[in-house]
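J.: for reference, the sequence and a predicted model appear below.
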Amino acid sequence: MSITFYLTLMSVCLLGAMTPGPSLMVVAKNSLTGGRLHGVVSAWAHALAIALYALVTVTGLSVLMQKLPILFQSITYIGGIYLAYLGVKSLSAKGGMAEQLSSGMQSSLCRSAREGFLVSLLNPKVLIFFIALFSQFIQTSQTTTEQAILVFIPLMMDGLWFSLIALLLTKPVVIRYLQDKALLIDRLSGSLLIILASKVLLAPLL
């Protein structure tokens, strides 16, 4: 495969990572409440789930998902419910970023990693991205090494992008400003997550 092929794939994966959504909100929250290390851990846990979807795609299991609509719908519904859970948590008096900051409580690295991994694994948009776009780069003639590279590229592009977000958000000037707006951020992110969850859960009925 040519350099152009890999550069195109890298661009597609980077654009996918850069698309605003629940992943950005989770990495941002963990960065602001836990600090830089929590944000980076959350970022690479998120990337690990992305790599898992890439592996599913290169091994042909995504084709199985397409042929079994009930499996695809089940993953989508679970993802929608998880997004709704995150939204309600942000809007509630307890569990939001503002509450964590005011109480001084700090989540563990394990929790930051878990949240980063789950928001990626259970995000229906990520599943659709790999089935609709990433699968276009898969060819039956690809060697094992080439398939490994196809898994490695989205892993690295996603992990590096969200690590950059974590680093930028934890600059002293930025973090002070955002922490002052913690309650507003909770309200906006919670509302957006619930809207996204509603679209996912109600889409089959429309």
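T.: Received, thanks.

J.: go ahead and confirm L48 touches F117.
T.: Yes - here L48 reaches F117: they are 6.1 Å apart, a contact under C-beta atoms under 8 Å. The C-beta positions use only the backbone N, C-alpha and C, and glycine is treated the same way.

J.: lowest-pLDDT helix or strand in this structure?
T.: Every helix and strand of the chain was ranked by mean pLDDT, DSSP states H and E. The lowest is helix 97-103, at a mean of 57.

J.: surely L52 and L122 touch.
T.: No - with contacts counted by C-beta under 8 Å, L52 stays clear of L122, the gap being 11.7 Å.

J.: out of the two, which sits in the busier spot?
T.: Legend: neighbour count by other C-beta atoms under 10 Å for L52 and L122, higher for L122 (22 against 17).

J.: L71: how many residues sit nearby?
T.: 12.

J.: and if you look at V151?
T.: Neighbours around V151, by other C-beta under 10 Å: 19.

J.: and if you look at I185?
T.: 20.

J.: just K125 next, same as before
T.: K125: 17 neighbours (other C-beta under 10 Å).

J.: cool, and the one 10 residues further on?
T.: For S135, the count of nearby residues is 15 (other C-beta under 10 Å).

J.: distance-wise, check it relative to V12.
T.: Distance from S135 to V12, counting by C-beta to C-beta, to the nearest Å: 11 Å.

J.: kindly report the same for I131.
T.: On the measure of C-beta to C-beta, I131 and V12 end up 14 Å apart.

J.: how about the helices of this protein, start to end?
T.: 3-18, 22-34, 36-58, 61-67, 69-91, 97-103, 109-121, 124-132, 144-169, 172-180, 182-202 (DSSP state H).

J.: not counting sequence-adjacent ones, nearest residue to L193?
T.: Distances taken as C-beta to C-beta, 6 or more residues apart in numbering place G87 nearest to L193, at 3.2 Å, with adjacent residues excluded.

J.: no further questions, thank you.
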